[in-house]
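Enquirer: here is a sequence with its predicted model. Questions after.
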Amino acid sequence: MSSSAGESFEKFVTETASSVGDFINQTGDRVADLLKDAVGMKRPSSSEAHEMGSSKSKPSPATTTAPLISPFNVAYGVNPGGKTVLYPVDVSKAFPEHDAMALTVHDLQLHLQSLTQVPVARQSLIYKGAHLQAAQRLADLQLRHGAKLMMLGQAEVPRDPDEEFKKRLSALEDEISAVSMELLEMEMFLDSIPRTEKPAFKTAHTRLLHLNEALMKTVMKIDAVEIPAERTEARALRKSLVQRVHVEMARVDRAIERCANFLNVRSRSTSRSRSTSPSDRKNQPDASKTGGS
């Protein structure tokens, strides 16, 4: 091969290699631009890559789940014709240690008993017009947030510590009232009978003595009721009954005195009329005849 031919071939190879290199460079730049447009982001730097790695290790925030039983309300009428009180019930707070899915109507009744003082046996819960049963699960009611249940029932009235004393004193008060009514009838009777009816006054006098005796026995019964010093209300009631008995006894004494005064007057006038016997009147001189002689 001649020297000119060799130089031409070498030139061809050099030009071809140069053209191929330019093509590769241009193609590489275009591919890089296409990848950049497709991904939409540039290649992260080393610091950015480190931050991305550390963010993956952080736990994701906990998602809040809705409660199994939504908070609801229980409406309870304090007394017939009175105001209605609304008791909010949040199962998660009212029963923190219980499984919400296992809670029953009976559990709710126990909770309401602590709030309203209404015993479970006296409670009647109503929801959507139906009476709830103790064994029903609250979850099965599908209560919506803010749902309203109605509760019927009467709270247990605390026992009066003076109840026993008041009961005994009340019976004695009835005795006093009975004597007072009979005494009123006797007073009206004394006002109505004629002054000449001595037997009627004797009957009234005897009856008044019996009433006086009955009042004295009542006083003894009242004194026999022993009441501790701390029971001030019952002691005040006992004192008022004693005072009332004294008032009634004073009325009896006045009525007895009326009868006694009348009977004494009648007896004195009768004794005077009897002191002049028919024989004495016969032996007395006739004033008309004496005066005529």
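Expert: Ah, there it is. All values reported here derive from a predicted model rather than from experimental measurement.
Enquirer: rest of the way, CA atoms for contacts and neighbours
Expert: Will do.
Enquirer: pLDDT on the longest helix along the chain, on average?
Expert: Looking across the chain with DSSP state H, the single longest helix is helix 232-275. Per-residue pLDDT over helix 232-275 has a mean of 80.
Enquirer: so what secondary structure elements neighbour it?
Expert: Counting contacts by 3 or more CA pairs under 8 Å, 6 or more residues apart in numbering; DSSP states H and E, helix 232-275 is packed against helix 163-192, helix 198-224.
Enquirer: check what pLDDT Gln26 gets.
Expert: 63.
Enquirer: one more: the one 4 residues further on?
Expert: At Arg30, the predicted lDDT confidence score is 65.
Enquirer: go on, Ser18?
Expert: The model's pLDDT for Ser18 equals 66.
Enquirer: looking at the chain, which helix or strand does the model trust least?
Expert: Scoring the helices and strands of the chain by mean pLDDT, DSSP states H and E places helix 287-292 at the bottom, with a mean of 44.
Enquirer: ok, back up a step: next, the angle helix 163-192 makes with the longest helix of the chain.
Expert: Helix 232-275 and helix 163-192 are oriented at 20 degrees to each other (axes from the mean of the first three to the mean of the last three CA atoms, to 10 degrees).
Enquirer: next, the angle helix 198-224 makes with helix 232-275.
Expert: Interaxial angle, helix 232-275 versus helix 198-224 (the same axes, to 10 degrees): 160 degrees.
Enquirer: any weak-confidence spans in the stretch 1-150 of the chain?
Expert: 1-10, 12-67, 78-82 (pLDDT under 70).
Enquirer: got the domain ranges for the protein?
Expert: If you go by automatic domain parsing, the domain ranges for the chain are 72-152, 163-274.
Enquirer: distance to Lys11 and mean neighbour count for these - can I get that in TSV?
Expert: Formatted as TSV, the domains of the chain follow (distance: least, CA to CA, whole Å; neighbours: other CA atoms under 10 Å):
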stretch	distance to Lys11	mean neighbour count
domain 72-152	89	15
domain 163-274	132	15
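Enquirer: which stretches in the stretch 1-150 of the chain count as strands?
Expert: Assigned by DSSP state E, counting those that start in this stretch, the stretch 1-150 of the chain shows strands spanning 72-77, 84-89, 124-127, 130-131, 148-152.
Enquirer: JSON lines for those strands, including distance to Glu248?
Expert: Putting the strands of the stretch 1-150 of the chain into JSON lines (distance: least, CA to CA, whole Å) gives the following:
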{"stretch": "strand 72-77", "distance to Glu248": "47"}
{"stretch": "strand 84-89", "distance to Glu248": "49"}
{"stretch": "strand 124-127", "distance to Glu248": "52"}
{"stretch": "strand 130-131", "distance to Glu248": "58"}
{"stretch": "strand 148-152", "distance to Glu248": "49"}
